[in-house]
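*Asks:* sequence and predicted structure are below.
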Amino acid sequence: MASVVHLFDPPDRFIVGTVGEPGQRAFFLQARSARRLVTVAIEKQQVELLAQRLDNMLDNLMNDEGTKSLIPAVAPVLLEDNGPLEQPIEVEFRVGTMTLSWDTRDDQVIIEVFPHDPDFDPEAELEDDLDGEADEVFLVRFAPGAARAFVKRAETVVGAGRDTCPFCGGPIDPSGHLCVRANGFRRRDP
């Protein structure tokens, strides 16, 4: 087991948020229970994938006859959280891998977040990886309604970035961008 476990079961608040202007934003996961606050740095693509996989898992559970509790189809309005990240933002670690699971005993979503390991070797034998354990883990257990609210906020935060060029799909900066589909001519707002 990890030597440092940041356990939130359940958190009073679990959100994704950003600091900075679109195109230069830093993304964070943050959980709070009472006065304890933990923040980890995460990549935008990781936020997108986590929200997508969590939403898919909840949809599958909603349609599964074996699921005991009610899985909401959309985020309950009372659980929505649009507030900013809490201060101070003191990053415990940068996110590497994450696991997402469902606890059938108490119908809770479980998200485990592990630190980025710069020494990770994808070519290494699986047996070698099973022996090693992370020194730290950020573990959140929460109800399906709160999970839907997390998904909604994550999608909103990710979508609040720069506009996408309708021709090449690249991000458009406030000054425009050089679109590969415009033969090097600068495109402005679509």
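*Replies:* Looks like it arrived, so ask away. Residues are numbered from 1 along each chain as shown.

*Asks:* for Pro10, grab the count of nearby residues.
*Replies:* 15 (other CB atoms under 10 Å). Every C-beta, even on glycine, is put in place using the N, C-alpha and C of the backbone.

*Asks:* three-state assignment of it?
*Replies:* coil (DSSP: H, G, I helix; E, B strand; the rest coil).

*Asks:* was I right to think it contacts Pro144?
*Replies:* No. Pro10 is not in contact with Pro144 according to CB atoms under 8 Å; the separation is 11.3 Å.

*Asks:* give me every residue that touches the residue positioned nearest the centre of the chain.
*Replies:* Among the residues of the chain, the one closest to the centroid is Val47, at 3.3 Å (CA atoms, centre = their mean). For Val47, the contact set (CB atoms under 8 Å, 6 or more residues apart in numbering) comprises 16, 27, 29, 154, 157-158.

*Asks:* among those, who's most crowded?
*Replies:* Leu29 (26 neighbours).

*Asks:* what's the separation between that one and Glu80?
*Replies:* Using CB to CB, to the nearest Å, Leu29 is found at 17 Å from Glu80.

*Asks:* ok, now Arg35?
*Replies:* Counting by CB to CB, the gap from Arg35 to Glu80 is 23 Å.

*Asks:* ok, Glu43 next?
*Replies:* From Glu43 across to Glu80, the span is 24 Å (CB to CB).

*Asks:* please apply the same query to Gly169.
*Replies:* Per CB to CB, Gly169 is found 30 Å from Glu80.

*Asks:* these two: which has the busier surroundings?
*Replies:* Counted by other CB under 10 Å, Gly169 and Glu80 do not tie: Glu80 has more neighbours, with 14 against 10.

*Asks:* how many neighbouring residues does the residue nearest to that one when sequence neighbours are not counted have?
*Replies:* Distance criterion CB to CB, 6 or more residues apart in numbering; nearest residue to Glu80, sequence neighbours excluded, is Ala149 at 5.3 Å. Counted with other CB under 10 Å, residues neighbouring Ala149 total 23.

*Asks:* identify the single longest helix in this protein, thanks.
*Replies:* Longest helix in the chain, counting residues (DSSP state H): helix 44-63.

*Asks:* quick check: next helix or strand after it?
*Replies:* strand 91-103 (DSSP states H and E).

*Asks:* what are the contacting residues of that following strand?
*Replies:* With CB under 8 Å, 6+ apart, strand 91-103 has contacts from 6, 28-29, 38-43, 46, 50, 53-54, 57, 61, 108-117, 120, 136, 138, 141.
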